[in-house]
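> 3D, please:
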Amino acid sequence: MNAAIKIALVDDEILFRKGISFLLQREENIEIIFEASNGDELISQLDKNEIKPDIIVMDLKMPVLNGVEATKIIRKRYPDIKIIALTSYDTKSFIANMIQVGAVAYLIKNTTPKDLILTINEVASKGFYYNESVLKTIQETIVSPKNTKGGLDTNFLSAREVEILQLICQQKTTAEIAEHLFLSPRTIEGHRNNLLLKTESRNIAGLVVYAIQNDLAVLTI
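The predicted structure is shown next:
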């Protein structure tokens, strides 16, 4: 049996946060390790708790320290922790900003319980998950002509690395990529780490944005 996915919930609306906690605790493979009401509380909990969450589900608009600023800090201090934005803001600018600072998924608060659980499981297995509306925003906003890094020399990536990058953009897991290419998962992890270093991406979500910006792949769901 796989270890449970450790979750931290961060939202200043107590009733909403408790409702999400109740929903997720019914899942056998999910464990809520702590809750916080703002970004400052979250970072204090991360600093003092020996057990860290695998995933943080976080609101954006909160007092003291908001979700965007908290994400920036966490990306630097705890780069292995994945952040899912769960917010009432569905404007393109909010979505694009959160993805660019390091969120690996973005959900609106009127999402279904099924979609929230799906997103958590996908992020746990693949490192990121974007639904159709978020993919559209990435295409229209983050990969618009004024934001594109188009023209960058991508020849420093090997043919194998480009192939793996394209499979990542198809939202395939490490195991699925390994099976597809007849390689070991460890080899795929090595190539993926090289991709992160070479492209100066902070996470798998950053790799995806890089691939689209440089016309190396088309993102699919």
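> Find the residue at the geometric middle of this structure.
Computing the C-alpha centroid of the chain and ranking residues by CA atoms, centre = their mean puts Val104 first, at 1.3 Å.
> Would you list the phi and psi of it?
According to degrees, to the nearest 10, the main-chain angles of Val104 amount to phi -100, psi 0.
> Skip the chain neighbours and tell me the closest residue to it.
Excluding its sequence neighbours, the residue lying closest to Val104 (CB to CB, 6 or more residues apart in numbering) is Phe128, at 4.0 Å. C-beta here means a position set from N, CA and C on the backbone, and glycine is covered the same way.
> Strands along the chain, start to end?
5-10, 30-36, 55-58, 82-87, 105-108 (DSSP state E).
> So which of those strands is nearest Ile95?
strand 105-108 (5.2 Å; CB to CB).
> And for the closest one, what's in contact with it?
82, 84-90, 95, 98-99, 115-116, 119, 122-123, 128-131, 134 (CB atoms under 8 Å, 6 or more residues apart in numbering).
> do the same with stretch 185-198
Contact with stretch 185-198 is made by 156-157, 160-161, 164-165, 168, 174-175, 177-178, 181, 201-204, 206-207, as judged by CB under 8 Å, 6+ apart.
> please redo it, this time with the cut-off set to 10 Å
Stretch 185-198 is contacted by residues 79, 127, 154, 156-158, 160-165, 167-168, 172-181, 183-184, 201-204, 206-207, 210-211 when judged by CB atoms under 10 Å, 6 or more residues apart in numbering.
> In ChimeraX, select just the buried ones from the contacts of strand 105-108.
A single ChimeraX command selects the buried members of these (16 or more other CB atoms under 10 Å):
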select :82,84,85,86,87,89,95,98,99,116,119,122,123,128,129,130,131,134
